[in-house]
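Undergrad: no sequence for this one, just the structure:
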């Protein structure tokens, strides 16, 4: 039984909806593998320029599926297919947005830190409750969260297991905007459509260059030569022509 639902609600936009409502969209191995496979397809499809992840009204994702945690042996975080799935999400080259309603906890909150832009419904709650079962965020949260919210806030969230509301998440940089819950997906899809209307070459390069900030020293990431390649694309010529002619540009990814 599929754990995600996939649709194309707008031109060049793919919507991946987690579909495990009885488990509050817990990140089972199957859900992660299916999501990664869909992202692989989206990465290879030139018609897809932006992907939105979402859950349902109750939860974006309440975290790892506790039922999959073994009594002993290798922790679930060390399972090869889970690791491959997380790495696929991390390396997705196109814009990845999240529309978050309800709970984004544990692995669900870790997943939002891998998204490029997060929009939160006004009832959303973010948190890392793993410490309450004598565990810790095992899918990258200990490393990614401090880069987003800072060391002290990350320590507080992980060491207490306390949740923060949508407004706090926005103030701390976990989300870009807080919107009425009923509008969360629509507002995120609208933003995805606006991004998808831009040159996919330029957008992909922006994502790659920004993420390089976390991977390389500054002197290595200031890759001016690669940025100049944008000036040699048909999309750049179209952008200049459209500006001069006072019309909307039509970017083709060339």
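TA: Thanks, I have it. Because the structure is a prediction, the values reported are computed rather than measured. Numbers count the residues shown, from 1 in each chain.

Undergrad: the biggest helix by length in the chain - what's its average pLDDT?
TA: Taking DSSP state H as the criterion, the chain has its longest helix at helix 29-44. Helix 29-44 shows a mean pLDDT of 97.

Undergrad: hey, what's residue 96 bridged with?
TA: Taking DSSP bridges as the rule, residue 96 bridges to residue 51.

Undergrad: which residues touch it?
TA: Residue 96 sits next to 39, 50, 51, 53, 89, 114, 115, 116 when contact means CB atoms under 8 Å, 6 or more residues apart in numbering. (Each C-beta comes from the backbone N, C-alpha and C, glycine too.)

Undergrad: ok, residue 27 - how many residues close by?
TA: By other CB atoms under 10 Å, the residues close to residue 27 number 28.

Undergrad: check residue 7 too.
TA: Neighbour number of residue 7 under other CB under 10 Å is 11.

Undergrad: for the contacts of residue 96, give me TSV that also has distance to residue 1.
TA: Shown next, in TSV, are these (distance: CB to CB, whole Å):
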residue	distance to residue 1
39	20
50	28
51	22
53	20
89	22
114	25
115	26
116	30
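
Undergrad: quick check, nearest of those residues to residue 12?
TA: Distance to residue 12 across the contacts of residue 96 (CB to CB) is lowest for residue 50, with 6.5 Å.

Undergrad: show me where pLDDT drops low in the stretch 51-200 of the chain?
TA: Scanning the stretch 51-200 of the chain with the threshold set as pLDDT under 70 gives 68-78.

Undergrad: repeat the analysis, applying 50 as the threshold.
TA: Along the stretch 51-200 of the chain, the model assigns pLDDT under 50 to residues 72-73.

Undergrad: which residues are in contact with residue 196?
TA: So, once contact is read as CB under 8 Å, 6+ apart, residue 196 ends up touching 10, 11, 12, 13, 49, 50, 95.

Undergrad: most neighbours among those, which one is it?
TA: Counting neighbours by other CB under 10 Å, residue 50 leads these with 27 neighbours.

Undergrad: surely it touches residue 189?
TA: No. At 9.2 Å, residue 50 does not count as touching residue 189 under the criterion of CB atoms under 8 Å.

Undergrad: next one: phi and psi at the residue nearest to residue 181 when sequence neighbours are not counted?
TA: Spatial nearest neighbour of residue 181, excluding adjacent residues (CB to CB, 6 or more residues apart in numbering): residue 121 at 3.6 Å. When read as degrees, to the nearest 10, the backbone of residue 121 gives phi -70, psi 160.

Undergrad: what ranges do the strands span in the protein?
TA: Applying DSSP state E to the chain gives strands spanning 4-10, 13-18, 50-54, 59-61, 96-100, 103-105, 117-121, 125-127, 163-165, 177-179.

Undergrad: and those, which is most packed in?
TA: strand 59-61 (a mean of 28; mean count of other CB atoms under 10 Å).

Undergrad: on that earlier part again, any chance of the contacts of residue 196 in a markdown table with distance to residue 32 as columns?
TA: Output for the contacts of residue 196, formatted as a markdown table (distance: CB to CB, whole Å):
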| residue | distance to residue 32 |
| --- | --- |
| 10 | 25 |
| 11 | 28 |
| 12 | 25 |
| 13 | 22 |
| 49 | 23 |
| 50 | 21 |
| 95 | 20 |
